[in-house]
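A predicted structure for the sequence below; I have some questions about it.
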Amino acid sequence: MSADEPAPPPSPTTSIAPGYAPMPQRDSSRDNPSQPTPWGSPYSILAVKFAAIPDASANAFCGAVAGVASGIVTCPLDVIKTRLQAQGSFRPRNLARPARAVYNGLLGTARVIWTEDGFRGMYRGLGPMLLGYIPTWAVYMSVYDYSKTYYSSKTADKKSTWFTQVSASITAGACSTLATNPIWVIKTRLMSQVSSRAVEEHRPPWQYRGTLDAFRKMYRNEGIAAFYSGLAPALLGLTHVAIQFPLYEYFKKRFTGLEMGQIKPADEHTHWLGILSATVLSKICATSATYPHEVLRTRLQTQQRTLPSHSHEDISFRGGHSGAGHRTRPPGTASSDGMINIPRYRGVLKTCTTILQEEGWRAFYNGMGTNMVRAVPAAVTTMMTYESLKLLHQRLKREGEHIRQNEDSE
């Protein structure tokens, strides 16, 4: 450009030079798409709404969605695990030797279920499982985060991190277990239910058409106490989360430098790999250490507590067979095979003794291999989903807070 040519007028975004009429300034935020805009963008509107959501509610929502995702992915494996754990609890007590195992391993059990019940059998109990996972993880994640903050405020010593995490895990686990145990009893009953073509000694003494039908029949025939069957070993299972979540926090801290729920968006590859590794290691350690309590819980949950003589099922506790003889005998009297009509499994210690005498110590680890195959993907799905949603929530929350600050400054 020569020195004699007039200079072009300035752009609307440049400063006003002398001799030119003032030009309206454009909003600089529109020239920089990385800066948030308080209007015209659904993302920005959503961000403003997320900024107003309390962290406890966000944790509950993220936990519930993570639980649903985990349930859908791993339901077939959960059915297989439940069949293996419950195997042996339905055979008559007068058999001198253990019954032949119908379910053998992951593939063998899957083949039997597919042959007898088809695809539907692989997802039996999915309804109550999802109904259980939503409140379980919603309660657990929100209570866990709150409990960590509470216990941390009570213990100023930094060396008490493990105590804080273990205490928070047990507190959150107890709350979620007490709130959702009835749902898990129904889920276990439905998953252990087999086809009418199955061998009688492996057939449970009930037949439910679905979740509501199971709830109605259990309440009418067994009372409210049936919904809290297996509560003692379930509470004993708090040792599982007391191991898993502190270990998860420890491994994640070592691999990523972050605690649970903390996100570093700038280093996503290392971040997600660290979460995956921390989840797998913590779940394997916790499951290996605490698996027998799951067998105890399943045996207690799949056992009918009482069965009045007027029951429409016409059967007693397993130990008796269905038949006309049961229709005239009230609970607690001898059944048609001469056995007393009392529950086989009564309490944690009695259940341990019964299983050990009838089936040996290996029965405490029935389905452990399948459970490990199920538990690790379930944990990975849960934690990856939870951490992903927490990442999205934190990004939206920061965006919303920035928008609000800009609005307040104008």
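Nice, thanks for sending it over. Numbers count the residues shown, from 1 in each chain.

where along the stretch 101-250 of the chain do the helices fall?
Ranges of helices within the stretch 101-250 of the chain are 105-122, 126-154, 161-192, 211-222, 231-236, 238-256, based on DSSP state H, counting those that start in this stretch.

out of the ones you listed, the one nearest residue 45 is which?
Closest to residue 45 of the helices of the stretch 101-250 of the chain, according to Cβ to Cβ: helix 126-154, at 25.2 Å. Where you see a C-beta, it was placed from the backbone N, CA and C, and this is true even at glycine.

what are the buried residues along that closest one?
126-148, 151-152 (16 or more other Cβ atoms under 10 Å).

that older thread, in a markdown table: the helices of the stretch 101-250 of the chain, plus distance to residue 73 and mean pLDDT.
Below are the helices of the stretch 101-250 of the chain laid out as a markdown table (distance: least, Cβ to Cβ, whole Å; pLDDT from 0 to 100):
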| stretch | distance to residue 73 | mean pLDDT |
| --- | --- | --- |
| helix 105-122 | 13 | 85 |
| helix 126-154 | 11 | 89 |
| helix 161-192 | 16 | 90 |
| helix 211-222 | 20 | 89 |
| helix 231-236 | 23 | 83 |
| helix 238-256 | 18 | 92 |
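
contact partners for residue 253?
By Cβ atoms under 8 Å, 6 or more residues apart in numbering, the residues touching residue 253 are residue 259.

same thing with residue 69?
Contact analysis of residue 69 by Cβ under 8 Å, 6+ apart lists 381, 382, 385.

neighbours of the first one, how many?
One way to gauge burial is a neighbour count; for residue 381, by other Cβ atoms under 10 Å, it gives 20.

check which helix or strand covers it.
Here residue 381, judged by DSSP states H and E, is contained in helix 368-409.

give me the angle between that helix and helix 238-256.
60 degrees (axes from the mean of the first three to the mean of the last three Cα atoms, to 10 degrees).

counting contacts, what elements does helix 368-409 pack onto?
With contacts taken as 3 or more Cβ pairs under 8 Å, 6 or more residues apart in numbering; DSSP states H and E, helix 368-409 sits against helix 42-51, helix 55-86, helix 105-122, helix 126-154, helix 268-290.

which one of these is the most hemmed in?
Across these, the average number of neighbours (mean count of other Cβ atoms under 10 Å) peaks for helix 55-86, which reaches a mean of 22.

gap between that helix and the chain center?
Computed by Cα atoms, centre = their mean, to the nearest Å, the chain-centroid distance of helix 55-86 equals 4 Å.

cool, stretch 110-125 as well?
22 Å.

can you check stretch 212-225 too?
For stretch 212-225, the distance to the chain centre is 24 Å (Cα atoms, centre = their mean).

can I get it in PDB, CA atoms only?
Only the C-alpha atoms of stretch 212-225 are listed here, as PDB (Å, rounded to 0.1, in the frame of the first residue of the first chain):
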ATOM      1  CA  LEU A 212     -45.000 -57.400  41.100                       C
ATOM      2  CA  ASP A 213     -46.200 -60.900  41.300                       C
ATOM      3  CA  ALA A 214     -43.200 -61.900  43.300                       C
ATOM      4  CA  PHE A 215     -43.800 -59.000  45.700                       C
ATOM      5  CA  ARG A 216     -47.500 -59.900  46.200                       C
ATOM      6  CA  LYS A 217     -46.900 -63.700  46.700                       C
ATOM      7  CA  MET A 218     -44.000 -63.100  49.100                       C
ATOM      8  CA  TYR A 219     -45.900 -60.700  51.200                       C
ATOM      9  CA  ARG A 220     -49.000 -62.900  51.300                       C
ATOM     10  CA  ASN A 221     -47.200 -66.200  52.000                       C
ATOM     11  CA  GLU A 222     -44.200 -65.200  54.000                       C
ATOM     12  CA  GLY A 223     -44.800 -61.800  55.500                       C
ATOM     13  CA  ILE A 224     -42.700 -58.600  55.500                       C
ATOM     14  CA  ALA A 225     -39.800 -60.400  57.100                       C
END
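
quick one: buried residues of it?
The neighbour-count check on stretch 212-225 (16+ other Cβ under 10 Å) flags 214, 215, 217, 218, 221, 222 as buried.
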